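Peer 1: predicted model, plus sequence, below.
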Amino acid sequence: MREMHPGADADAQLRGGAAYPNVILRARFCEDALRAAVGQGVRQYVIVGAGFDSFALRRPDWAREVEIVEVDHPATQGFKLQRLQACGVEVPPHVQFVAADLGAEKLGDALGRSRFRVGEPAFFAWLGVTMYLPRDANLATFREIARLGAGGGELVFTYADAKRFDETASHSQRYAKMREMVTSVGEPFVSGFDPTAIGADLAACGLRLVEDVGTDDLIRRYDPQGLNGMHADGLGRIARAVVT
Ligand SMILES: C[S@@+](CC[C@H](N)C(=O)[O-])C[C@H]1O[C@@H](n2cnc3c(N)ncnc32)[C@H](O)[C@@H]1O
């Protein structure tokens, strides 16, 4: 009989859900883009709504000189810091944590409490967040990132295809499961963008769309042979934009 590694059940459970590829593929796509930006001289990385993002802790050699700022809701960030401490994980000196409720405070004001330098090139990640916020709040954050990144800025963000909110469309079972899951934890998706209009939406906020792909495309890109058994629900997207 094949030996199972500890946690194999949890692993299988995770891989079975559509959220799993979303999380690992967005991190991979974002960090590939970050690596290219660092190669071009970017030395500031702002992770907006960082959650339990672990980049700062597993920082690869190519990011050695990058100043990382994690901005997150005080409740989530407080819990993360508590867990890091409880697990004996030391926070590296190049990482700063800024607690901010971005529903009540502008990103720029929050970054004012960090060593972030406005006017110098910066890379922003905004992963797994826009779908929980109303459209106006998302557009305001795009504009804020364009302002903060005026010295050479790049943004990678995920969004839900607006079709997700079309009650008349026929949706997959994976979509239904995902919707049930986020709603059951009290965090329903509230807004999305139309992929055919996202370029214009960004342009109106001072950003130029460079790449926009679906999670299914990313599965084909990073796991062409399907070795990880990942399946997406077809409505999650990730985009890369630069400040104009
Ligand atoms: C689904 S998690 C995504 C975490 C991580 N970026 C990732 O890719 O896995 C959503 C994150 O958005 C943050 N968030 C939600 N509302 C927020 C708010 N009003 N202000 C700041 N952060 C917020 C949460 O604290 C959480 O860390």
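Peer 2: Nice, I can see it.
Peer 1: need the contact list for the residue of the chain found nearest the ligand.
Peer 2: The nearest approach of the chain to the ligand comes at residue 51, 2.5 Å away (Cβ to the nearest ligand atom). C-beta coordinates here come from the backbone N, C-alpha and C atoms, glycine included. Residues counted as contacts of residue 51 (Cβ atoms under 8 Å, 6 or more residues apart in numbering) are 72, 76, 80, 128.
Peer 1: in space, what's closest to the second one - neighbours in sequence excluded?
Peer 2: So the one you mean is residue 76. Sequence neighbours aside, residue 51 is the residue nearest to residue 76 in space, at 5.9 Å (criterion: Cβ to Cβ, 6 or more residues apart in numbering).
Peer 1: quick one, grab the pLDDT at the one you found.
Peer 2: As predicted, residue 51 sits at a pLDDT of 97.
Peer 1: quick check, it in a helix?
Peer 2: No: the assignment for residue 51, made by DSSP: H, G, I helix; E, B strand; the rest coil, is coil rather than a helix.
Peer 1: the closest residue to residue 50 other than its chain neighbours - how many residues pack around it?
Peer 2: Of all residues not flanking residue 50 in the chain, residue 70 sits nearest, at 3.9 Å (Cβ to Cβ, 6+ apart). Neighbour count of residue 70, defined by other Cβ atoms under 10 Å: 25.
Peer 1: rewinding a little: so which of the contacts of residue 51 is the closest to residue 236?
Peer 2: Distance ranking of those against residue 236, using Cβ to Cβ, places residue 128 first at 9.3 Å.
Peer 1: let me see the contact set for that closest one.
Peer 2: If a contact means Cβ under 8 Å, 6+ apart, then residue 128 has 22-23, 26, 49, 51, 158 as its contacts.
Peer 1: what's downstream of the longest helix belonging to the chain, the next helix or strand?
Peer 2: Ranked by residue count, the top helix of the chain under DSSP state H comes out as helix 19-39. Per DSSP states H and E, helix 19-39 leads on to strand 44-48 as the next helix or strand towards the C-terminus.
Peer 1: do any residues in that following strand lie close to the ligand?
Peer 2: No: contact of strand 44-48 with the ligand (Cβ under 6 Å from any ligand atom) is absent, the minimum separation being 6.7 Å.
Peer 1: need the residues of this structure near the ligand, please.
Peer 2: Applying Cβ under 6 Å from any ligand atom, we find that the chain lies next to the ligand at 23, 26, 49-51, 53, 72-73, 76, 100-103, 127-129, 132.
Peer 1: and with 8 Å instead?
Peer 2: By the rule Cβ under 8 Å from any ligand atom, the part of the chain lying against the ligand is 23, 26-27, 47-53, 71-73, 75-77, 100-104, 125-129, 132-133, 158, 187.
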